[in-house]
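J.: coords please:
(2 chains)
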Amino acid sequence: MKQILPPGVDAAAFADALQAFRKVVGDPFVYTGEALLSYADPYSIVADDNAHAASAAVAPASTEQVQAIVKAANQFGVPLWPVSCGKNFAYGGAAPRMAGTVVLDLKRMNRVLEVSEGDGYALVEPGVSYFDLYDHIQAKGYKLWLDVPDPGWGSVMGNALEHGVGYTPYGDHFGMQCGMEVVLPNGELVRTGMGALPGNTTWQLFKYGFGPYMDGLFTQSNFGIVTKMGIWLMPEPPGYRPYMISFQREEDLEQVVDILRPLKVGMVIQNAATIRSLLLVAAMNATRSQYTHQPGPLPDSTLRKIMAEQDIGMWNIYGALYGPPPVMDTLWTVIRDSFAKVPGARFYFLEDRKQPGDLLTQRAETMRGIPRLSEFSFINWSGGGGHIGFSPVSPIRGSEAMKQYTMVRDRMHEYGFDYLSLFAIGWREMHHVVELLFDRRDPAIKQRAEDLFRLLVKEAAAAGYGEYRTHLSFMDDIAATYGWNEHALMKLQQTIKDALDPNGILAPGKQGIWPARYRGGRT
Amino acid sequence: MKRRSSLVALLLLVAMENASAADAPAGKALFDHYCAVCHAAGPGHAGTMRLAELRGPTNAVLEQRKDLGTAYVSQVVRQGLVEMPPWRPSEIDDAALNQIAQYLAHGRR
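T.: Predicted coordinates for the structure are as follows:
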């Protein structure tokens, strides 16, 4: 492999930095050469294979080692890209935004530091995956549930810091975060909220402490490296009943969303429910080639065939009831009666879905916090592995859902891609998560996917929609769409960045925030 | 889905074993821990689903394959293969990877 260097760092300084890192963590935990192949973004959408190539990786085992590495990085001017479990696939995995950055791989910091069954929280290090925390809770016999995203191998901390979502009533992961320990870009260690009070007993119980609320500054940012984080856990409810509701027509989406909003805002729908498109559901158990070998949008006859074979709808709600049976019964009555107004709506519980591998049987685990990886089956739909999420935020309003749906679907069909999506329902908004699948081995298809993605970002922004999260390659594009008042928000972020990280060593380019050192012509 | 074994038990097991070709129990435990969630038999396993389409149902489940070599397994784990993402040495160290590879290549025969 050709050695790549961080921009602005010569070979001698880089070698000295690596030597300093080795002194901190030991030789086996500084990775160079062939070992860096495992740090590449496997699903990169851009043509340049080196666009996000790391120059090295270093894997500390403790907060003290992180501090020592950060100090050495400042000394030699070497940029670091922290990853927790490195499983942020479709957004870049373990690869850095800027080629030549050293990956600070926190996977070895994988301790569950504390779980309080009575207060319902855990304190974890960055390398703790959902699988790890789930196993820990099961082994201890705690009556607590996690909230998990679809990829169970992801980091509990990393997902919350990236504003990820799950599917229980605790689905807003950053909303359930409480208390952090952070290594600042100068190596100093701080604790947020109540953690700043020596001898406190409420670090994981009260978010805000005294003074400005700082935790948000360390999410989707490059202002610090979080080494400990509290996360609230849901007490095991006395009852649990997952359900599915299917709808038969594309245009039903508008009515479904309008019915859903008051139910969600009023907490009749208790969890972070999802509305899933036909092909996203179908792709969990079938592949495109089972239905056609023709390119282009699937004809209506094929869509109807898929619906009939899998007994699914054009749109499908996956939700769950939690609580004592009488409470669940009452909530279900309201939910069922509300959606029964949609002609052709069908209602299912687990006992109604006997087909092997049926998605409700899988969602039934995810919506009760059992981590899985089964959701990855959807990338098999068209083969080739490549996938990237386009995730504009929408009001929970039927007309806007239809507008986003038709806008994105038409463009995807125009560029030769199938439309697979879900609407993840938050407290006042929906993430419209569209999965763009492409063959990572085919440069022409990748180019088409990249062109489409950039167009979608632009068109969504023109319509007032912004993405909540994105792949490394599009961080600048999307940051630029948040440009109200001559990019006042980015100017504020840059001011904070330059104050905290004057040497520009921490995650250059993360979320479009570049340190002065690498800002150059970027604004 | 096969359940993942306790990490503590796993590490103890790994510590007690060396990476010899006959190291099937540790290799099996490691496979169950890291790989089975995608590559076990049955629905809901993305890797098995993909291999069933590419290579047919008789070659879909890794633990039932008889054509896997250690070098090939190691390369796929470290570098990924189309749908499968790579695994970093901070996640699976070389000794553990070797045990998985030995198990898939030789351990079940």
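J.: Minimum distance to chain A, which residue of chain B gives it?
T.: Proximity to chain A, evaluated over chain B using CB to the nearest CB, is greatest for residue B:43 at 2.6 Å. For glycine as for every other residue, the C-beta is placed from the backbone atoms N, C-alpha and C.
J.: Not counting sequence-adjacent ones, nearest residue to that residue?
T.: Spatial nearest neighbour of residue B:43, chain neighbours left out: residue A:357 (2.6 Å); criterion: CB to CB, 6 or more residues apart in numbering or on different chains.
J.: quick one, what contacts the residue of chain B closest to chain A?
T.: Residues near residue B:43 by CB atoms under 8 Å, 6 or more residues apart in numbering or on different chains: A:285, A:356-357, B:49.
J.: Type out the PyMOL command that picks the buried ones from those.
T.: Burial among the contacts of residue B:43 is assessed by 16 or more other CB atoms under 10 Å in any protein chain shown; the matching PyMOL selection reads:
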select buried, (chain A and resi 285+357) or (chain B and resi 49)
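J.: which ones among the contacts of residue B:43 are found in helices?
T.: Among the contacts of residue B:43, the members found in helices (DSSP state H) are residue B:49.
J.: Pick the one among the contacts of residue B:43 closest to residue A:383.
T.: Of all the contacts of residue B:43, residue A:383 sits closest to residue B:49, with 11.1 Å by CB to CB.
J.: on that earlier part again, was I right to think the residue nearest to residue B:43 contacts residue A:283?
T.: No - the pair residue A:357 / residue A:283 is not scored as a contact, 11.7 Å apart, by CB atoms under 8 Å.
J.: If you tally nearby residues, what's the number for residue 97?
T.: Assuming you mean chain A. 24 (other CB atoms under 10 Å in any protein chain shown).
J.: Actually, chain B is the one I wanted.
T.: Residues lying near residue B:97 (other CB under 10 Å) number 21.
J.: doesn't it fall inside a helix?
T.: Yes - counting by DSSP: H, G, I helix; E, B strand; the rest coil, residue B:97 falls inside a helix.
J.: Hmm, it is touching residue B:75, no?
T.: No - checked against CB under 8 Å, the pair residue B:97 and residue B:75 is beyond contact range at 10.3 Å.
J.: The residue nearest to residue A:53 when sequence neighbours are not counted sits in which helix or strand?
T.: The shortest distance from residue A:53 to any non-neighbouring residue, by CB to CB, 6+ apart, is to residue A:99 (5.0 Å). Per DSSP states H and E, residue A:99 falls between elements, in no helix or strand.
J.: can you pull the contacts of residue A:99?
T.: A:4, A:7, A:50-53, A:55.
J.: Quick check: next helix or strand after the longest helix seen in chain A?
T.: When chain A is parsed with DSSP H, its longest helix is helix A:443-462. Where DSSP H and E defines the elements, the next helix or strand beyond helix A:443-462 is helix A:475-481.
J.: Show residues contacting that following helix.
T.: A:97, A:454, A:457-458, A:460-461, A:466-467, A:470, A:487, A:490, A:509-513, A:522.
J.: likewise stretch A:331-343?
T.: With contacts defined as CB under 8 Å, 6+ apart, stretch A:331-343 is touched by A:241, A:243, A:245, A:247-248, A:252, A:255-256, A:259, A:263, A:268-270, A:317, A:319, A:321, A:323, A:345, A:347.
J.: now the strands for the stretch 301-450 of chain A?
T.: Remark: strands assigned in the stretch 301-450 of chain A by DSSP state E, counting those that start in this stretch are A:315-322, A:346-349, A:385-390, A:393-395, A:420-425, A:429-439.
J.: I'd like those strands laid out as JSON lines, including distance to chain B, mean pLDDT and mean neighbour count.
T.: Shown next, in JSON lines, are the strands of the stretch 301-450 of chain A (distance: least, CB to the nearest CB, whole Å; pLDDT from 0 to 100; neighbours: other CB atoms under 10 Å in any protein chain shown):
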{"stretch": "strand A:315-322", "distance to chain B": "15", "mean pLDDT": "98", "mean neighbour count": "25"}
{"stretch": "strand A:346-349", "distance to chain B": "17", "mean pLDDT": "98", "mean neighbour count": "16"}
{"stretch": "strand A:385-390", "distance to chain B": "4", "mean pLDDT": "94", "mean neighbour count": "22"}
{"stretch": "strand A:393-395", "distance to chain B": "27", "mean pLDDT": "95", "mean neighbour count": "18"}
{"stretch": "strand A:420-425", "distance to chain B": "15", "mean pLDDT": "96", "mean neighbour count": "24"}
{"stretch": "strand A:429-439", "distance to chain B": "9", "mean pLDDT": "96", "mean neighbour count": "23"}
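J.: May I see these arranged in JSON lines, with distance to residue A:297 as well?
T.: Formatted as JSON lines, those follow (distance: least, CB to CB, whole Å):
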{"stretch": "strand A:315-322", "distance to residue A:297": "17"}
{"stretch": "strand A:346-349", "distance to residue A:297": "25"}
{"stretch": "strand A:385-390", "distance to residue A:297": "18"}
{"stretch": "strand A:393-395", "distance to residue A:297": "23"}
{"stretch": "strand A:420-425", "distance to residue A:297": "12"}
{"stretch": "strand A:429-439", "distance to residue A:297": "14"}
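J.: circling back to that earlier point, buried ones only from the contacts of helix A:475-481, please, as a ChimeraX command.
T.: Restricted to buried positions by 16+ other CB under 10 Å, the ChimeraX selection for the contacts of helix A:475-481 reads:
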select /A:97,457,460,461,467,470,487,490,509,510,511,512,513
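J.: Considering only the contacts of helix A:475-481, which also neighbour chain B?
T.: Among the contacts of helix A:475-481, none lies close to chain B by the criterion of CB under 8 Å from any CB of the partner chain.
J.: quick one: is the host helix or strand of residue A:12 near chain B?
T.: Taking DSSP H and E as the definition, residue A:12 sits inside helix A:11-25. No - using CB under 8 Å from any CB, helix A:11-25 stays clear of chain B, with a minimum separation of 10.4 Å.
J.: Who are the packing partners of that helix?
T.: Secondary-structure packing of helix A:11-25 (3 or more CB pairs under 8 Å, 6 or more residues apart in numbering or on different chains; DSSP states H and E): strand A:30-31, strand A:56-58, helix A:63-76.
J.: and among those, the most buried is which?
T.: Across the helices and strands packed on helix A:11-25, the average number of neighbours (mean count of other CB atoms under 10 Å in any protein chain shown) peaks for strand A:56-58, which reaches a mean of 26.
J.: Residue A:164 reaches residue A:147, doesn't it?
T.: No - applying CB under 8 Å as the test, residue A:164 and residue A:147 come out as separate, 9.8 Å apart.
J.: between these two, who's got more neighbours?
T.: More neighbours surround residue A:147 than the other of residue A:164 and residue A:147, with 29 against 25 (other CB under 10 Å).
J.: can you pull the contacts of that one?
T.: A:166-168, A:170-171, A:173, A:176, A:233-234, A:369.
J.: For chain B, what's its nearest residue on chain A.
T.: At 2.6 Å from chain B, residue A:357 is the closest residue in chain A, using CB to the nearest CB.
J.: What pLDDT is listed against that residue?
T.: With respect to pLDDT, residue A:357 has a value of 88.
J.: go on, residue B:50?
T.: In this model, residue B:50 carries a pLDDT of 95.
J.: Then residue A:220?
T.: We note a pLDDT of 98 for residue A:220 in this prediction.
J.: again, but for the one 3 residues further on
T.: As summarised for this prediction, residue A:223 has a pLDDT of 98.
J.: Alright, that wraps it up for me.
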